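A.B. asks: Predicted coordinates and the sequence they were generated for:
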Amino acid sequence: MKNSYLIIAFALILGACKSETKSDATITKDMSDKEKQEVNVYTHRHYEVDQMLFAKFEKQTGIKVNVVNAKADELMQKMTLEGAQSPADVLITVDAGRLVRAKDKDLLQSVTSQILNDNIPSHLRDEDNQWFALTKRARVIAYDKERTQPQQLSTYEDLTLPKWHNKILVRSSGNIYNQSLMASIISHKGKDDAKKWASGIVENMARTPQGNDRDQLKALVVGEGDVAIVNTYYIGKMLNSKDSQEVKVGERIGVFFPNQDGRGAHINISGAGVAKYAPNKANAIQFIEYLASEDAQRVFATANYEYPVNPNVKPSELLQSWGAFKEDVLPLSKLGENNKKAVIVFDEAGWK
Ligand code: FE2
């Protein structure tokens, strides 16, 4: 009798252990189910194409994409304030300088993904795999095809020569695209030469910097200057604008890729990183892998006049019509590292 009590007691203990194990497994399953359901994306990009790609990803994976849209600095501040409680899984921003800033602020984490390594060339991702480029753009010299011949153009440095006096249109130095271009020049040639370049451009400016890249193109075709330093995708946007005046401007613009016999044209990116406290880390990696896939890269390439980063995907027809070009393969992390120096050089050179 005593023995049978013991057996019953032992059986009860075993049962309890078993049910405890079962509930642990259930909790783990619940957690993985939860992780499978969503990815929270903080993004600075505000393009329709992104919404389209997010919807495709949702359909393929069943993972819901929750989007928070704001300017990069606001998103980074939000992540800083939220700290370890942040729901952010992925941060998407425009310009490598900003991605480096996010890394410096300890808002991202390193991830291991063979798919990302295979799909994104090494100069277009962070050396610690904290961020990855998704699209690429070049900062080129635009000219009015009716007044300037491409043979007159050569390098960024050439624009400092007296022949371009009062002829250069470019936006202010407060803009990160110019800061990144300057950071690349500092990386290649040192601070002193970079300052000489900036002073030379200031000397040759057609007007005090004002407006955005589109405004430089508009000023170009009304003859305010002869060349403009702009990002490639703005020319695509103007050619495909709903505003017929913008289309007319776009049609007169020629695209010149500078420094083709040297380091190549300066490029920049938009890109993504996994947030440091990502509650859905696996989903976040899967999401970025999807955006770097040939499928998604083809969509990026056709919709926003940017270059795909995946070497297996061709640029759109319009971009192909501008010709293949040699790009500067400086690791883009340098753009962030030299950002502060770039701001100082601009200031010293009097670039408003
Ligand atoms: Fe832009």
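C.D. replies: All right, it came through fine.
A.B. asks: and the strand or helix carrying Val274, what does it pack onto?
C.D. replies: Following DSSP states H and E, one finds Val274 within strand 267-275. Using 3 or more Cβ pairs under 8 Å, 6 or more residues apart in numbering; DSSP states H and E, the elements in contact with strand 267-275 are strand 90-94, helix 96-104, strand 108-109, strand 132-144, helix 281-292. Quick note: C-beta positions are derived from backbone N, CA and C, even for glycine.
A.B. asks: Spatially central residue for this protein, please.
C.D. replies: Ser270 (1.1 Å; Cα atoms, centre = their mean).
A.B. asks: How about that residue, nearest residue that isn't a chain neighbour?
C.D. replies: Val94 (4.4 Å; Cβ to Cβ, 6 or more residues apart in numbering).
A.B. asks: For that neighbour, the count of nearby residues, please.
C.D. replies: Residues near Val94, counting by other Cβ atoms under 10 Å, number 23.
A.B. asks: next one: Leu53
C.D. replies: Leu53: 23 neighbours (other Cβ under 10 Å).
A.B. asks: Is it in a helix, a strand, or coil?
C.D. replies: helix (DSSP: H, G, I helix; E, B strand; the rest coil).
A.B. asks: follow-up on the earlier one: against Gln37, how distant is the residue nearest to Ser270?
C.D. replies: Remark: distance between Val94 and Gln37 (Cβ to Cβ, to the nearest Å) = 28 Å.
A.B. asks: rewinding a little: so the residue nearest to Ser270 sits against Ala72, correct?
C.D. replies: Yes: counting by Cβ atoms under 8 Å, Val94 touches Ala72, with 7.0 Å between them.
A.B. asks: Overlap of the contact sets of the two?
C.D. replies: His44 (Cβ atoms under 8 Å, 6 or more residues apart in numbering).
A.B. asks: Run through the residues that contact Ala206.
C.D. replies: 166-169, 219, 224-226.
A.B. asks: Once you drop chain neighbours, what's closest to His165?
C.D. replies: Asn204 (5.3 Å).
A.B. asks: Does that neighbour touch Asn166 like I think?
C.D. replies: Yes: the pair Asn204 / Asn166 is scored as a contact, 6.8 Å apart, by Cβ under 8 Å.
A.B. asks: Just want to know which of those two has more residues nearby.
C.D. replies: Set Asn204 next to Asn166 and count neighbours by other Cβ under 10 Å: Asn204 wins out with 21 against 12.
A.B. asks: Give the rounded mean pLDDT of the strand holding Val274.
C.D. replies: The average pLDDT for strand 267-275 rounds to 97.
A.B. asks: Tell me if Glu127 really is in a helix.
C.D. replies: No: counting by three-state DSSP, Glu127 falls outside a helix, being coil.
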